[in-house]
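A.B. asks: Give me coordinates for this.
(2 chains)
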Amino acid sequence: MKTVFTWLGLIVLGLALGIGLAVWQIRSSGLGNDVRVGPWSTGRDVGTANADIKTRAIVALRGLLALPAREARYFTAATDSAGAPLSGKCRYALSGGAIEARWWSVTLYDRGGWLIANRWNRHSVGSARIPAGETDKWTVLIGPDEQPGLWIPTGGDGPFELTLRAYRPQGLMARDPARISLPTITRRECRP
Amino acid sequence: MMRRLAPLLVVASAALGSYYATLAATPYALMRLAEAKLTKTAPVNHFTHTPPVRADRQFVVRPSPDLLYSVCPYDLSAGPLEVTAVPVPGRYSSISVFDARTDNAFVRNDEEMAGKPMRVVLALEGQAVPAGAETVRVRYPTGIVLQRVLLADPSEAAAVDPIRRKAQCRTLAQ
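C.D. replies: Numbering: from 1, shown residues only, chains lettered A, B, ... in the order given. As a prediction, the model looks like this:
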């Protein structure tokens, strides 16, 4: 009898290890991790039947109903360009140039992928808001307090992440996202 | 030697099996959860045109506040589903279909609609569809049809709303 329980215990241990590893990988991954551009990451097969088993699980948790790459590319960043985790206590400058897509937007979420309440009801900046003449060089500020110009509130002191959506991608954005340039995320001051 | 390795092999086999089983089951489980959440407020096989997304109004993870969404949770058990929509002039819009495994089975945007209404029929293998209808065969009976319409500014929602409400889902009799 003891032997049976020993083997059952080993099986339960193995099951727990496998499930734990899978849950940890799904929860700790970005929205697809097979293309990295600075702090941004994306997956090549998001939303398609070609997606591997792991990508499909990650996208289901972190970006359910995401469109395939020919329609939209989704990049997520949980760190600034220096590699430090994004914090709601800090101000950041998100600086970029032209993005090869019909339209794009940058949205701020908590680490679970949910919008964070803030008194401005403001969560994103889209390409339609970039003034004409600045589309090749623009800056959006991110921080806990109101900023001049284009800005997104962090909505609290906790960690956050950004999602860059590029709808109807064109050029390299469509063909080879690993070779494109994406906005830099530069940390400025942080409050205690 | 084998007697010593056997416990390790049992643990490794169980771990490998449960690892892949968990990854494989996750999309189905999360899609079912999303469908269950949606059908509390959105009837099956009908479009529900949700108001602009806000922090206190998020029907699915990572919603875009720049898009106006309409959702149609579907169930093909009673027959194929007809989906119709019109493009919203001068802005991005699309109709997409996601199956129970979260795979995108269909997407058509306003450029592809070229200013004309679209009609597509979702059907399981073996279900009869109207002659000549553009048909998308799906492997699972349930899923979600989603309409996205771009809002350059939240104030545009009122003007866009009557056009996006022309989108319809309806079950076709077998």
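A.B. asks: Tell me where the longest helix sits in chain A.
C.D. replies: helix A:2-28 (DSSP state H).
A.B. asks: average pLDDT for that one?
C.D. replies: The average of the pLDDT scores along helix A:2-28 is 88.
A.B. asks: And the contacts of whichever helix or strand comes after it?
C.D. replies: Of the helices and strands lying after helix A:2-28 in sequence (DSSP states H and E), the nearest is strand A:35-37. Residues from elsewhere that reach strand A:35-37, judged by C-beta atoms under 8 Å, 6 or more residues apart in numbering or on different chains: A:S41, A:T42, A:G43, A:R44, A:F75, A:P177, A:A178, A:I180, A:S181, A:L182. Any C-beta I mention is one placed from the backbone N, CA and C, and that applies to glycine too.
A.B. asks: Report the buried members of these.
C.D. replies: Buried members of those, counted by 16 or more other C-beta atoms under 10 Å in any protein chain shown: A:S41, A:T42, A:G43, A:R44, A:F75, A:P177, A:I180, A:L182.
A.B. asks: So what does A:R168 have for phi and psi?
C.D. replies: phi 50, psi 60 (degrees, to the nearest 10).
A.B. asks: Skip the chain neighbours and tell me the closest residue to whatever residue of chain B ends up closest to chain A.
C.D. replies: Closest residue of chain B to chain A, C-beta to the nearest C-beta: B:A14 (2.6 Å). Nearest residue to B:A14 in three dimensions, chain neighbours excluded: A:G14, at 2.6 Å (C-beta to C-beta, 6 or more residues apart in numbering or on different chains).
A.B. asks: ok, back up a step: what's the farthest-apart pair in the contacts of strand A:35-37?
C.D. replies: Using C-beta to C-beta, the two most remote members of the contacts of strand A:35-37 are A:G43 and A:S181, lying 19.1 Å apart.
A.B. asks: where in chain A is pLDDT low?
C.D. replies: Applying pLDDT under 70 to chain A picks out residues A:30-33, A:47-48.
A.B. asks: In it, what residue lies closest to chain B?
C.D. replies: Nearest residue of chain A to chain B, counting by C-beta to the nearest C-beta: A:G14, 2.6 Å away.
A.B. asks: Buried ones in stretch A:160-180, by neighbour count?
C.D. replies: Residues A:160-169, A:173-174, A:177, A:180 are the ones in stretch A:160-180 that count as buried (16+ other C-beta under 10 Å).
A.B. asks: Just name the closest of the residues you listed to B:R165, please.
C.D. replies: B:R165 lies nearest to A:Y167 out of the buried residues of stretch A:160-180, by C-beta to C-beta, at 22.0 Å.
A.B. asks: residues touching that closest one, list them.
C.D. replies: A:E71, A:A72, A:A101, A:R102, A:W103, A:W104, B:Y92, B:L150.
A.B. asks: ditto for B:C169
C.D. replies: Here B:C169 is in contact with B:N45, B:H46, B:F47, B:C72, B:Y74, B:L81, B:E82, B:V83, B:V145 (C-beta under 8 Å, 6+ apart).
A.B. asks: related to what we said a few turns ago, with secondary structure as new columns, can the buried ones among the contacts of strand A:35-37 be given to me in JSON lines?
C.D. replies: Below are those laid out as JSON lines (DSSP: H, G, I helix; E, B strand; the rest coil):
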{"residue": "A:S41", "secondary structure": "strand"}
{"residue": "A:T42", "secondary structure": "strand"}
{"residue": "A:G43", "secondary structure": "coil"}
{"residue": "A:R44", "secondary structure": "coil"}
{"residue": "A:F75", "secondary structure": "strand"}
{"residue": "A:P177", "secondary structure": "helix"}
{"residue": "A:I180", "secondary structure": "coil"}
{"residue": "A:L182", "secondary structure": "coil"}
